[in-house]
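Asker: Give me a model of this one.
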Amino acid sequence: MTKANRLPLPKRFNAAMTEEAYAGLRALNEDWHFGNNYLLTILLENFDRVVDQDAFEEVMNEFIAEYGQPVGGGMG
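Answerer: The predicted structure is shown next:
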């Protein structure tokens, strides 16, 4: 058996999330046995392949209707 390559993750940041979101992340970890950093990297780098764009847009619009949207197109 050959040693697996390790993907370097040079960018680190703290992320806050809801209990429901964190439970989903833990469930993915139970299934795939990757750490949170790797799971988020895999999901975000492959976002277009794993997410239905129409469903995502609907979820985003529902979130914006309930919580609003940051001014200037980003989180400060």
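
Asker: Just give the number of residues close to residue 17.
Answerer: Per other C-beta atoms under 10 Å, the neighbour tally for residue 17 reads 12. Heads up, the C-betas are built off the backbone N, CA and C, glycines and all.

Asker: before we move on, what about the one 5 residues further on?
Answerer: Each residue near residue 22 was counted by other C-beta under 10 Å, and the total is 13.

Asker: Please determine how far it is located from residue 35.
Answerer: According to C-beta to C-beta, to the nearest Å, residue 22 stands 13 Å off from residue 35.

Asker: With residue 18 instead?
Answerer: The gap separating residue 18 from residue 35 is 19 Å, by C-beta to C-beta.

Asker: Have a look at these two and say which one is more surrounded.
Answerer: Using other C-beta under 10 Å, the more surrounded residue of residue 18 and residue 35 is residue 35, with 12 against 8.

Asker: which residue packs closest to the more buried one, ignoring adjacent ones?
Answerer: residue 29 (7.1 Å; C-beta to C-beta, 6 or more residues apart in numbering).

Asker: What helix or strand is the one you found located in?
Answerer: Element membership for residue 29 (DSSP states H and E) is helix 19-32.

Asker: so the residue nearest to residue 35 touches residue 38, yeah?
Answerer: No. Counting by C-beta atoms under 8 Å, residue 29 stays clear of residue 38, with 9.2 Å between them.

Asker: Could you point out the helix or strand that follows the helix holding residue 29?
Answerer: Next helix or strand after helix 19-32 toward the C-terminus (DSSP H and E): helix 36-45.

Asker: tell me the pLDDT at residue 73?
Answerer: On the pLDDT scale, residue 73 is placed at 62.

Asker: tell me how far stretch 18-28 is from the chain's mean position?
Answerer: 10 Å (C-alpha atoms, centre = their mean, to the nearest Å).

Asker: neighbours around residue 38, how many?
Answerer: Around residue 38 there are 16 residues (other C-beta under 10 Å).

Asker: which ones are touching it?
Answerer: Going by C-beta atoms under 8 Å, 6 or more residues apart in numbering, residue 38 touches 7, 9.
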